[in-house]
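Student: Turn this into a model:
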Amino acid sequence: MKRRVFIKNTGLGAGGILTAGSIVTIIAACNKNNMMNGGGMNMGGQPVPVTEGSFTRLLPIPNTVSGNATLTAQATTANINGSNISVLGYQANGILGPTIRANSGINTNFNFQNNLSEKSNVHWHGLKISANMDGHPQALVNPGSSFNYQFPINQRAGLCWYHPHPDGATARQAFQGLAGLFIINDAEEAALSLPSGIYEIPLVIQDKRFTSSGITYNPSMGEVMSGYMGETIIVNGEASPYTDVATRYYRLRILNGSNARIYNLALSNNADLIIIGNDGGLLRNPATVKTVLLAPGERLDVLVNFAGLTAGTQVFLESRMFDNGGSAQGKQGFKIMKFKVTQTVSDSFIVPASLSAVNTIPASSSSKTRNFVINAMQMTSGMNMTGIHRINDKTYDKNRIDETVAANATEIWVLDNSQGDEPHPMHLHGVHFQVLERNGGRGQLTASESGWKDTVLVMPRETVKIIIPFSTLTGVFVFHCHNLEHEDDGMMLQYQLT
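Tutor: Got it, this is the predicted structure:
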């Protein structure tokens, strides 16, 4: 059953609930429209419109720590849009944790202290580390307890991040504030002399729902279907912020830290976005675009040039409308943050023609192909509203290993959303991969999908093929949809590297 028809016929919008009477109505509506199929039916949510702010509050920059630090998950307060509200954070008096910046080749030591009233942990998204340090959904730290995450950084420069990953509670804990950036630097990157210091700006883009008391998280049935989205866009923990810029190149390190919302990023003056990196670090060569889709969990490394603009000019980073995003995505354009030109300078920086040595993995090197069908959302005939998102018709089971992979193997995985109606950003723990091809839907790879990735957006009616060189870091890892409501609903499987 098409999601929009389900919502229309049942009246289950953003605040809908199931009652005995509404169940009868649902069944009647489904029978009326011939939408019952084998005891299941497809469904979906509705858009959550964004309300733009005033863009008068300064963009905060998270404080930076090294590869040896303490992260304390806690209930705290943050001043957002002029109001002090209750949030979760990895440090006191603010949403988000510190930005971790470390060089490739070092050994890290992070003491995680859980001062929440519930179990939590830390997943190091994008880091290729051992399974016992990765933040598996079952590797939890009890309230009042601590855990030392210790691992070497054996990978190239790139923008990673960290967030909680407890099974069934990831979406809520992340939405209420637990996240932070993790920047890896190396010699290859340093040799490019890219914009740095105040000219390198981290941007964590999220959407939230605020009340006078805090961040609300109470997804309806429709929002479990399409993902929980907020009406307020925040960047680095502030709503609709601005930052002053000079007439020169800037490096923007962008994370989509939202639970579900996809952004179609562009500049309001239609200037170029020069993509130099993504999830797994630098691309081989820069790619110039006007717009780029960024799904939850994905990162972008972008150069923007404000040269030639006069003092006083305002340029907005915005999200534009886009097609084929399901029933709840891409229906509205809105501004995210403002750049205000306040200083005229000369700039000698030249965008390098070549960025990094990225070796393409030939498809012929794969020893095995695995197919993963992203099942259309299903509700059982018993009206069970859990497990409506599945991979190969399975939901997460901590006691089941879904795939067994040999260490050092190279495999092709096919992510098949050809029958689906919702976008799914698919994320693999413990590895980076290359995207080989996309069929159906958009029908081609995007400029941001070259190089190395750990999360790839699979739109409705699309099939995406990736190739993965696995390592020797044996153990149990998960792979899942990074729409966090889908993940918590069970759209996550386990693979064991042996």
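Student: measure I468 to G440 for me?
Tutor: The gap separating I468 from G440 is 21 Å, by CB to CB, to the nearest Å. Quick note: C-beta positions are derived from backbone N, CA and C, even for glycine.
Student: At which residues are the helices of the protein located?
Tutor: Along the chain, counting by DSSP state H, helices occupy 3-10, 20-32, 170-175, 187-190, 221-226, 484-488.
Student: Format the CA atom coordinates belonging to the third one as PDB.
Tutor: Pointing back at helix 170-175 there. Only the C-alpha atoms of helix 170-175 are listed here, as PDB (Å, rounded to 0.1, in the frame of the first residue of the first chain):
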ATOM      1  CA  THR A 170      20.000   5.300  19.300                       C
ATOM      2  CA  ALA A 171      17.500   7.600  17.600                       C
ATOM      3  CA  ARG A 172      16.300   9.200  20.800                       C
ATOM      4  CA  GLN A 173      19.700   9.700  22.400                       C
ATOM      5  CA  ALA A 174      21.200  11.100  19.200                       C
ATOM      6  CA  PHE A 175      18.200  13.400  18.600                       C
END
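Student: what about V245, how many residues close to it?
Tutor: 21 (other CB atoms under 10 Å).
Student: Could you check how far it is from G158?
Tutor: 24 Å.
Student: Same drill for I468 and G440, tell me which one is more crowded.
Tutor: I468 (21 against 15).
Student: in the sheet, who's paired with the closest residue to the more buried one other than its chain neighbours?
Tutor: Nearest-residue entry for I468: F433, 4.3 Å, with adjacent residues in sequence omitted and distances by CB to CB, 6 or more residues apart in numbering. When bridges are called by DSSP bridges, F433 pairs up with K453.
Student: burial measure for I85, as a count.
Tutor: 18.
Student: looking at the sheet around it, what are its partners?
Tutor: Residues in a beta bridge with I85, per DSSP bridges, are A78.
Student: now do I205
Tutor: Under the criterion used (DSSP bridges), I205 bridges to V235, N256.
Student: Number of residues surrounding it?
Tutor: By other CB under 10 Å, 21 other residues sit near I205.
Student: cool, G82 as well?
Tutor: So G82, with other CB under 10 Å, has 10 neighbours.
Student: what are the bridge partners for the closest residue to it other than its chain neighbours, then?
Tutor: Nearest residue to G82, sequence neighbours excluded (CB to CB, 6+ apart): R57, at 7.4 Å. Legend: beta-bridge partners of R57 under DSSP bridges are P241.
Student: can you offset everything so residue one is 897?
Tutor: Happy to do that; since the first residue is 897 now, the last one works out to R953.
Student: and R953, what is it in contact with?
Tutor: N977, G978, E1134, A1135, S1136, P1137, Y1138 (CB atoms under 8 Å, 6 or more residues apart in numbering).
Student: is it possible to export those residues to JSON lines including distance to P1321 and pLDDT?
Tutor: Below are the contacts of R953 laid out as JSON lines (distance: CB to CB, whole Å; pLDDT from 0 to 100):
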{"residue": "N977", "distance to P1321": "27", "pLDDT": "94"}
{"residue": "G978", "distance to P1321": "32", "pLDDT": "94"}
{"residue": "E1134", "distance to P1321": "25", "pLDDT": "98"}
{"residue": "A1135", "distance to P1321": "24", "pLDDT": "98"}
{"residue": "S1136", "distance to P1321": "25", "pLDDT": "98"}
{"residue": "P1137", "distance to P1321": "25", "pLDDT": "98"}
{"residue": "Y1138", "distance to P1321": "28", "pLDDT": "98"}
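Student: Let me see the domain layout of the protein.
Tutor: With domains defined by automatic domain parsing, the chain comprises 899-928, 953-1086, 1093-1239, 1259-1393.
Student: quick one: which of those domains is nearest V946?
Tutor: domain 1093-1239 (4.2 Å; CB to CB).
Student: Just the endpoints, please. Distance across the closest one?
Tutor: End-to-end distance for domain 1093-1239: 17 Å, by CA to CA, to the nearest Å.
Student: so how far is it from its chain's centroid?
Tutor: 12 Å (CA atoms, centre = their mean, to the nearest Å).
Student: Quick check, the residue nearest to I1364 in contact with F1366.
Tutor: No: contact criterion CB atoms under 8 Å: F1329 and F1366 do not qualify, at 9.6 Å.
Student: Of the two, give the one with the bigger neighbour count.
Tutor: Shown here are F1329 and F1366; by other CB under 10 Å, F1329 has more neighbours (23 against 20).
Student: residues in contact with the more buried one?
Tutor: Taking CB under 8 Å, 6+ apart, one finds W1309, W1348, K1349, D1350, V1352, I1362, I1363, I1364, P1365 in contact with F1329.
Student: With pLDDT added, can I get these in a markdown table?
Tutor: Output for the contacts of F1329, formatted as a markdown table (pLDDT from 0 to 100):
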| residue | pLDDT |
| --- | --- |
| W1309 | 99 |
| W1348 | 98 |
| K1349 | 98 |
| D1350 | 98 |
| V1352 | 98 |
| I1362 | 99 |
| I1363 | 99 |
| I1364 | 98 |
| P1365 | 98 |
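Student: any chance of those residues in CSV, with distance to D1082 too?
Tutor: CSV is the format used below for the contacts of F1329 (distance: CB to CB, whole Å):
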residue, distance to D1082
W1309, 28
W1348, 14
K1349, 18
D1350, 17
V1352, 24
I1362, 24
I1363, 23
I1364, 22
P1365, 19
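Student: residues in contact with E1345?
Tutor: N1174, V1331, V1352 are the contacts of E1345 under CB under 8 Å, 6+ apart.
Student: And the residue nearest to G978, how far from G993?
Tutor: 21 Å.
Student: now do N959
Tutor: 9 Å.
Student: just I1130 next, same as before
Tutor: On the measure of CB to CB, I1130 and G993 end up 15 Å apart.
Student: Repeat that for A1162.
Tutor: From A1162 to G993 the distance is 29 Å (CB to CB).
Student: between those two, which one's more packed in?
Tutor: The residue with more neighbours, out of A1162 and G993, is G993; 26 against 20, by other CB under 10 Å.
Student: quick one: pLDDT of that one?
Tutor: According to the prediction, G993 has pLDDT 97.
Student: ok, it - contacts?
Tutor: P958, L967, G985, Y986, Q987, Y1058, L1074, A1075, G1076.
Student: 7 Å - rerun?
Tutor: L967, G985, Y986, Q987, A1075, G1076 (CB atoms under 7 Å, 6 or more residues apart in numbering).
Student: Tell me which of the residues you listed fall in strands.
Tutor: Among these, the residues falling in strands (DSSP state E) are L967, G985, G1076.
Student: Redo these as a markdown table? Include neighbour count.
Tutor: Formatted as a markdown table, those follow (neighbours: other CB atoms under 10 Å):
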| residue | neighbour count |
| --- | --- |
| L967 | 23 |
| G985 | 24 |
| G1076 | 24 |
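Student: pLDDT added to those, as CSV?
Tutor: Output for those, formatted as CSV (pLDDT from 0 to 100):
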residue, pLDDT
L967, 98
G985, 98
G1076, 98
